[in-house]
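>>> Sequence plus predicted model, see below.
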Amino acid sequence: MSRRAGRATVPAQAAPRCTVSVCRGCCCGTGKIPGVDHAAQLAALRAGLGAAAQVRVVDCLDACEQADVVVVQPSSAGRAAGGRPVWLGLVNDPGAVADITARVAAGGPGLADPPELLDLYVFSPSRRVRRAVEDRPGPGDGARRSRRA
């Protein structure tokens, strides 16, 4: 019998999915934002998104005045449909986390409209800060993209 017998086959490439970056730097995720259970917030995002997104914890995104910051990057299909990364600030309540989870589970930027209240959390960081996060490739995006044309 072959050694390969009994091994599960692994698909060549997993389906592209959104990437949700959760800031946990100098202000976000700390006691500087009182009354927020930051560990529960992160656990809720991970549990609610499951396979719909890669949830990653990142160091300071340099948008401290908007703490807690979450960036939702579209999947490759969402980007092809016109979706762009969405920066969300002041994500300090379970309702915001639920809305983020709902949008991403429905396909994310480019593929699903955001719940109405989620628009209240959207902000635009400086170009320098935006480039540092948005130019990082997400799953299935291939090589690093440049915004300079």
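Perfect, thanks for sending it.

>>> which ones are touching the most centrally placed residue in the chain?
Closest to where the C-alpha atoms of the chain average out (C-alpha atoms, centre = their mean) is Val20, at 1.2 Å. Val20 sits next to 45, 49, 53-56, 70-73, 100, 104 when contact means C-beta atoms under 8 Å, 6 or more residues apart in numbering. Yep, even glycine has a C-beta here, placed from its N, CA and C like the rest.

>>> Then Ala81?
By C-beta under 8 Å, 6+ apart, the contact set of Ala81 is 74, 110-111.

>>> Most neighbours among the residues you listed, please name it.
Counting neighbours by other C-beta atoms under 10 Å, Pro74 leads the contacts of Ala81 with 27 neighbours.

>>> Let me know whether that residue touches Cys18 as I believe.
Yes: taking contacts as C-beta atoms under 8 Å, Pro74 lies within contact range of Cys18: 6.0 Å.

>>> Strands along the protein, start to end?
Applying DSSP state E to the chain gives strands spanning 18-23, 53-58, 70-73, 86-88.

>>> could you dump those to CSV with mean pLDDT and distance to Pro94?
Formatted as CSV, the entries for these read as follows, by pLDDT from 0 to 100; distance: least, C-beta to C-beta, whole Å:
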stretch, mean pLDDT, distance to Pro94
strand 18-23, 96, 14
strand 53-58, 95, 16
strand 70-73, 96, 13
strand 86-88, 96, 14
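
>>> show me the contacts for the nearest residue to Gly29 once chain neighbours are set aside.
Spatial nearest neighbour of Gly29, excluding adjacent residues (C-beta to C-beta, 6 or more residues apart in numbering): His38 at 4.3 Å. Contacts for His38 (C-beta under 8 Å, 6+ apart) come out as 24, 28-30, 68.
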